[in-house]
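A.B. asks: coords please:
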Amino acid sequence: MKKLTEWLEDSIEQMEVVKGMLPSDNAGHIEALGRQKAYNEVIKKIKEQGDENESNI
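C.D. replies: Next up, the predicted model:
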C-alpha cells in the first residue's frame, strides 16, 4: 500500500501543475481537480484501514 500511496501523492502534485497551466474553465483543469479529490479520498481510506489494522494487532 505504501507504493500506491506514494504514487497517488505524486499524481496529486502533478495535477496541481496541470491546474496551474490551464484556466479554471478548461476541461483539463476540471478533470485534474476531480482526480485530485478522488486520489485524496483513496489516500484517506488507505490510512483509515491502516489505522484499523494496527488497532486489531
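
A.B. asks: and the longest helix for this structure?
C.D. replies: Longest helix in the chain, counting residues (DSSP state H): helix 27-55.

A.B. asks: how about that helix, which residues are buried there?
C.D. replies: 29, 32, 35-36, 39 (16 or more other C-beta atoms under 10 Å). Backbone N, C-alpha and C define where each C-beta goes, glycine included.

A.B. asks: so where's the chain uncertain?
C.D. replies: 54-57 (pLDDT under 70).

A.B. asks: circling back to that earlier point, which neighbouring elements make contact with the longest helix of the chain?
C.D. replies: helix 2-21 (3 or more C-beta pairs under 8 Å, 6 or more residues apart in numbering; DSSP states H and E).

A.B. asks: residues of the helix it packs on that come out buried?
C.D. replies: 8, 12, 15, 18-19.

A.B. asks: pull the CA atoms of it into PDB?
C.D. replies: Provided in PDB are the C-alpha atoms of helix 2-21 (Å, rounded to 0.1, in the frame of the first residue of the first chain):
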ATOM      1  CA  LYS A   2       2.900   2.300   0.600                       C
ATOM      2  CA  LYS A   3       3.800   2.300  -3.100                       C
ATOM      3  CA  LEU A   4       0.200   3.100  -4.100                       C
ATOM      4  CA  THR A   5       0.000   5.900  -1.600                       C
ATOM      5  CA  GLU A   6       3.300   7.400  -2.900                       C
ATOM      6  CA  TRP A   7       2.000   7.100  -6.500                       C
ATOM      7  CA  LEU A   8      -1.200   8.900  -5.500                       C
ATOM      8  CA  GLU A   9       0.600  11.700  -3.700                       C
ATOM      9  CA  ASP A  10       2.900  12.200  -6.700                       C
ATOM     10  CA  SER A  11      -0.100  12.300  -9.000                       C
ATOM     11  CA  ILE A  12      -1.800  14.800  -6.900                       C
ATOM     12  CA  GLU A  13       1.300  17.100  -7.200                       C
ATOM     13  CA  GLN A  14       1.300  16.600 -10.900                       C
ATOM     14  CA  MET A  15      -2.400  17.500 -11.100                       C
ATOM     15  CA  GLU A  16      -1.500  20.800  -9.300                       C
ATOM     16  CA  VAL A  17       0.900  21.600 -12.100                       C
ATOM     17  CA  VAL A  18      -1.700  20.800 -14.700                       C
ATOM     18  CA  LYS A  19      -4.300  23.000 -12.900                       C
ATOM     19  CA  GLY A  20      -1.700  25.900 -12.800                       C
ATOM     20  CA  MET A  21      -1.200  25.700 -16.500                       C
END
